[in-house]
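Q: Predicted structure and sequence below. I'll ask about it afterward.
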Amino acid sequence: RTRARHRANDQRDHHRKAANGRVPRDTPDRLGRTFPQTLANDGSDCANGQHAHQQHRRHAAAHLVFRLKKRGGDVDERGYNQHQSLEGLESTRTDASMHSVLKDIVARKTIEVALAREAVPLEVLQERISELGRPRNFFKALVDRRHPDLTHVIAEIKRKSPSAGVIREDFDPVAIAKSYAANGASAISCLTDEHDFGGKLEYIHMIRDAVKLPVLRKDFIVDIYQVWESRAAGADAILLIAEAIPERDIIDFQILATELGMTTLLEVHDVDHLLRAVNIVGFPHASYSLLGINNRNLRTMKTSVEHS
């Protein structure tokens, strides 16, 4: 119901802009979606969706202010330090908190996305998605309320990493996935970044054809195009890194992922990002979102299992 309300609200706003001549009628909205030319008559759903979204943001801001004030420091009603602007904190991807390694990765990903858009237009991805079945339930595979004491493992498929170098020379993602599934893994995490991790987007379909476990695309997602791309590649879930993208993008990506039936794993490392993440994880639907703690410090690239 929440997804339908948000979609109805976006549809109504998009048609209003088209009616006023502000955008062509066939222009995709901010999430890359196009809508039919007829506008639904159920205006109450549109209003309720908008109210629910605004209410969520107000609650999130109030809760964040309360947490930050408990920690000390001057914060405004939006939950930000009074000596910093909201625009500077939300819109920039190259602030002082982001280490140069992460900045370089995000810059490279932005270029990769631009090239991918030219090679495979969004309309092609949407057509591919329409031919796929529903994603496997990544959330349910990990959150087993019938057996809350059990540990559920997300087994990772990764050929190499910047810190460790080549992890496995005889790399066969399908064989590795089968071994994980046979030994009790609950889900699979597949690296798709080729430059630093030796991954490929095609591995996702290969793995899903070989095992029945849900598969998460693990990559640096910095653009809404990659959310569509992930589902078109067969991903059942995506990873979002709080240190790499602003809050408004996290919310937009979560909304679209939920509409596409994918689970979102929102990953944080430091306390500041955690305090912001707890207010948006689970939006717009609690059963499509998970919170993860990264034991690797993206500023120093050092790992400590004591961190989480």
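A: Now that the structure is in, tell me what you want to look at. Residues are numbered from 1 along each chain as shown.
Q: Tally up the residues packed near residue 118, please.
A: 8 (other CB atoms under 10 Å). (Glycine included, C-beta is placed from N, CA and C.)
Q: And residue 154, by the same measure?
A: By other CB under 10 Å, the residues close to residue 154 number 22.
Q: bridging residues for it?
A: residue 187 (DSSP bridges).
Q: what sits against it?
A: 142, 185-189, 216 (CB atoms under 8 Å, 6 or more residues apart in numbering).
Q: Out of these, which comes closest to residue 130?
A: residue 216 (22.1 Å; CB to CB).
Q: picking that back up, looking at the contacts of residue 154, state which has the most neighbours.
A: Within these, most neighbours by other CB under 10 Å means residue 188, with 30 neighbours.
Q: thought it was touching residue 178?
A: No: the criterion here is CB atoms under 8 Å, and residue 188 misses it with residue 178 at 10.3 Å.
Q: Find residues that contact each of these two.
A: Counting by CB under 8 Å, 6+ apart, the shared contacts of residue 188 and residue 178 are residue 211.
Q: sorry, back to before: which one of the contacts of residue 154 is nearest to residue 282?
A: The closest of those, once distances to residue 282 are taken by CB to CB, is residue 142, at 14.1 Å.
Q: for stretch 185-198, how far is the first residue from the last?
A: 22 Å (CA to CA, to the nearest Å).
Q: I would like the residues contacting that stretch, please.
A: Stretch 185-198 is contacted from outside by 105, 108, 138, 141-142, 152-162, 166, 171, 173, 177, 180-181, 199-201, 203-204, 207, 211, 213-220, 233, 237, 239, using CB under 8 Å, 6+ apart.
Q: Using PyMOL, define a selection of the buried residues within those.
A: Here is the PyMOL command that selects the buried residues among the contacts of stretch 185-198 (16 or more other CB atoms under 10 Å):
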select buried, resi 105+138+141+142+154+155+157+158+159+160+161+171+173+177+180+181+199+200+201+203+204+207+211+213+214+215+216+217+218+219+220+233+237+239
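Q: Let's see which of the contacts of stretch 185-198 end up in strands.
A: 154-157, 160-161, 166, 215-218, 237, 239 (DSSP state E).
Q: Save the residues you listed as CSV, and put in distance to residue 263 and pLDDT too.
A: Compiled in CSV, those are given as follows (distance: CB to CB, whole Å; pLDDT from 0 to 100):
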residue, distance to residue 263, pLDDT
154, 11, 97
155, 16, 98
156, 16, 97
157, 18, 97
160, 26, 93
161, 24, 88
166, 30, 94
215, 11, 98
216, 8, 98
217, 11, 98
218, 13, 98
237, 4, 98
239, 10, 98
